[in-house]
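>>> how does the following fold in three dimensions:
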Amino acid sequence: MLQALYWMRSEGLGNAPRLTELARFLAVPAGTLGPYLARFVDEGYLEPSGEGFSLTPAGIDAGKRTFAEEFADLTRPGHGECDADCWCHDSPEEAARCLEDRVQHAH
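Take a look at the predicted model:
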């Protein structure tokens, strides 16, 4: 749930969705979801905000971490792609050289 709230927040879909909105989004009955929301409030991951719930700083961290873990296979560089530490990020010229080098080695 924290992952979904983090994603919704990041995509601008809502910073404090109501229980009914979350239930519809997650395809979980509101009666099932309600106790989990209360638990996350008690544990300091969520806080009531108007009629909805918003992530606390701890909830943002947990949601971000679980989101990154869940989608790690989709977001890491593929074979032959650069990673965030590649020297090509130093300048546009280096990026062009890196791309050219990778294209030449692909043939």
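>>> tell me where the chain has helices.
2-10, 19-26, 30-42, 57-70, 72-75, 92-106 (DSSP state H).
>>> could you give the angle of the third one to helix 19-26?
Taking axes from the mean of the first three to the mean of the last three Cα atoms, to 10 degrees, one finds helix 30-42 and helix 19-26 inclined to each other by 110 degrees.
>>> which residues does helix 30-42 contact?
The contact list for helix 30-42 (Cβ atoms under 8 Å, 6 or more residues apart in numbering) reads 1-2, 19-20, 22-23, 26, 46-48, 53, 59. For the C-beta atoms, the positions are set from N, CA and C on the backbone; glycine is no exception.
>>> how about that helix: buried residues?
33, 37, 40 (16 or more other Cβ atoms under 10 Å).
>>> pLDDT score for the first one?
Taken from the predicted model, the pLDDT recorded for residue 33 is 93.
>>> for residue 59, the count of nearby residues, please.
23 (other Cβ atoms under 10 Å).
>>> so what's it closest to, chain neighbours aside?
Of all residues not flanking residue 59 in the chain, residue 45 sits nearest, at 3.7 Å (Cβ to Cβ, 6 or more residues apart in numbering).
>>> tell me the domain ranges of this structure?
2-75, 79-107 (automatic domain parsing).
>>> pick the most deeply packed of these.
domain 2-75 (a mean of 15; mean count of other Cβ atoms under 10 Å).
>>> for the protein, which residue is closest to the average position?
The chain has residue 67 as the residue nearest its centroid, 4.2 Å off, counting by Cα atoms, centre = their mean.
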